[in-house]
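J.: The following block contains a protein sequence and its predicted model.
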Amino acid sequence: MFTVVFILYLIADIYTFFGLRSLIDGTTSRMVYTAVYVLSSFFVFYCFYKIWFIASSSKMFSGTQVNFYLGMFLTAFAAKITFTFFMFLQDLPRVFAGIYNFFVHNDKASYFPSRRRALTTIATGIAAIPFFGMLYGVTKGKYKYTVSSLSLNFKNLPQSFDGYKIVQISDIHAGSFDSKEKVMRGIDMINALDADAVFFTGDLVNSSKDEIDPYIDVFAQIKAKDGVFAVLGNHDYYGLYDVKESDKDAYWDNFFDKYKRMGFDLLNNESRSIERNGELLRIVGVENWGAGRWFPKEGDLDKALDNVAKDDFCVLLSHDPTHWEEKVLPHSKSIDLTLSGHTHGFQFGINIPGFKWSPAQYRYKRWIGLHEEQDQKLYINKGFGFLAFPGRVGMWPEITEIVLKAV
């Protein structure tokens, strides 16, 4: 994969160099441009080398250095690929025109028409959009925590829980963080909402359970009247791949202890009850279950609902929203509200009132926000952290505030 990416970037880099150079007049200006471009290209190639070196020599593909190198490379890659694409749209007709001139007119002096300066300038402007957008995403956007507030009505919500406030976070991915101070700002925003309960819907780490260690004291500061409840996400299983079968129980014991140290009540295919005035709200949590063959299918909804009555009001924590489609909706027990994450909104897109777009929509039928079917609701949180691309553009990290209303 690294070889393919390297070749694509090299082609885009050369194409971009000559494309931008065509906009510059004067020998001196072109010499200065060439020097600046070559130096910047060497820097980006150095970032690529560091990514390759870290990925091939370390299991911990995370942290400050990786975020910097990967962020700079992907930003340059996106801008140059965009520029190359739009320049190719201009150059393709030029190629056909050149072939036509050669065979029909035999005009050897000028086979190919010149590029149009205006079109090259437009291509440059379009390429600047992903460049500056991604640059903002890797420097500011990844910690631009936003609160999404909504009120949800339920016919069967017990009156004692009318106005009950839930705060949801998801996809912490602690291995990607590079600033405790900035993460703490997000925790302060959570606590400022004064939640009755906080729900974390999985992916505490990227791959290694120890990635959360520097941030245990940070997340231990999350407060809620009835507690903080959590489930596992698909990435929380990935650390097991290099663990011997005989050591797996010890691995899980150590991992689960980290949740306890943070004050998170981890629900592994089980439920909890919150009681008010003799009425119950059931919190049900399943281990990860994701459609397709790539994700763990450890979630057992039947087991999690073992002690739950058919008419109990339920909030289900399930990391992957495909679980709602495949297992929750067809289940004999109607689950009133399911909270999921997993998609991150692909950390890139447009999310404004009346319009939402992200590459995530081509992978997931339901990828962010609120969905309702058969009197059952699903909310998909965009995630608190980030993964792979060390930034967020348009799909800012989310803290969800949900108020339950009895109607």
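T.: Received, thanks.

J.: alpha carbons only for contacts and neighbour counts from here, please
T.: Noted.

J.: who does the host helix or strand of G71 touch, helix- and strand-wise?
T.: Taking DSSP states H and E as the criterion, G71 maps to helix 64-100. Where contact means 3 or more Cα pairs under 8 Å, 6 or more residues apart in numbering; DSSP states H and E, helix 64-100 is packed against helix 2-21, helix 27-57, helix 117-139.

J.: just these: most buried one?
T.: helix 117-139 (a mean of 18; mean count of other Cα atoms under 10 Å).

J.: list the buried ones in the lowest-mean-pLDDT helix or strand in the chain?
T.: When the helices and strands of the chain are compared on mean pLDDT, DSSP states H and E, helix 64-100 comes out lowest with a mean of 85. Of the residues in helix 64-100, 66-87, 90-91, 94, 98 count as buried by neighbour count, 16 or more other Cα atoms under 10 Å.

J.: Quick check: the residue lying closest to L152 once chain neighbours are set aside vs G26, distance?
T.: In space, L152 comes closest to L404 once its chain neighbours are excluded; the distance is 5.2 Å by Cα to Cα, 6 or more residues apart in numbering. The spacing between L404 and G26, counted by Cα to Cα, to the nearest Å, is 67 Å.

J.: Which one of the two is surrounded by more residues?
T.: L404 (20 against 7; other Cα atoms under 10 Å).

J.: Next, the angle helix 27-57 makes with the helix holding G71.
T.: Orientation of helix 64-100 against helix 27-57 (axes from the mean of the first three to the mean of the last three Cα atoms, to 10 degrees) gives an angle of 130 degrees.

J.: could you check the angle helix 117-139 makes with helix 64-100?
T.: Orientation of helix 64-100 against helix 117-139 (the same axes, to 10 degrees) gives an angle of 160 degrees.

J.: Nearest residue to the middle of this protein?
T.: Nearest residue to the geometric centre of the chain (Cα atoms, centre = their mean): H344, 3.0 Å.

J.: can you tell me how far the closest residue to that one other than its chain neighbours sits from K223?
T.: Spatial nearest neighbour of H344, chain neighbours left out: K382 (4.3 Å); criterion: Cα to Cα, 6+ apart. Distance of K382 to K223, given as Cα to Cα: 21 Å.

J.: quick one, which of those two is more surrounded?
T.: When neighbours are counted by other Cα under 10 Å, K382 and K223 differ, and K382 comes out ahead with 27 against 21.

J.: Which residues are in contact with the more buried one?
T.: By Cα atoms under 8 Å, 6 or more residues apart in numbering, the residues touching K382 are S170, G341, H342, T343, H344, G345, Q347, I368, M395, W396, P397, E398.

J.: quick one: which of those residues sit in helices?
T.: Residues of the contacts of K382 located in helices (DSSP state H): none.

J.: need those residues in CSV with pLDDT and distance to D320, can you?
T.: Output for the contacts of K382, formatted as CSV (pLDDT from 0 to 100; distance: Cα to Cα, whole Å):
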residue, pLDDT, distance to D320
S170, 98, 11
G341, 98, 6
H342, 97, 5
T343, 97, 8
H344, 97, 11
G345, 96, 13
Q347, 97, 16
I368, 96, 11
M395, 97, 18
W396, 98, 19
P397, 98, 17
E398, 98, 16
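
J.: List the ones among those residues that fall in strands.
T.: Counting by DSSP state E, the part of the contacts of K382 found in strands is E398.

J.: Buried among the contacts of K382? Make that a ChimeraX selection.
T.: Selection of buried members from those for ChimeraX, criterion 16+ other Cα under 10 Å:
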select :170,341,342,343,344,345,347,368,395,396,397,398
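
J.: Now tabulate the contacts of K382 in CSV and tack on distance to L157.
T.: Output for these, formatted as CSV (distance: Cα to Cα, whole Å):
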residue, distance to L157
S170, 24
G341, 24
H342, 27
T343, 28
H344, 29
G345, 30
Q347, 34
I368, 24
M395, 31
W396, 31
P397, 29
E398, 26
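
J.: Looking at the contacts of K382, which one is closest to S22?
T.: Q347 (34.4 Å; Cα to Cα).

J.: which ones are touching that closest one?
T.: Neighbour list for Q347: K382, F386, F389, G391, R392, V393, G394, M395, W396 [criterion: Cα under 8 Å, 6+ apart].

J.: how close does it get to K382?
T.: Taken as Cα to Cα, the span from Q347 to K382 is 8 Å.

J.: and K165, how many neighbours does it have?
T.: Neighbourhood size, K165 [other Cα under 10 Å]: 21.

J.: The residue nearest to the centre of the chain against G391, yeah?
T.: No: at 11.2 Å, H344 does not count as touching G391 under the criterion of Cα atoms under 8 Å.
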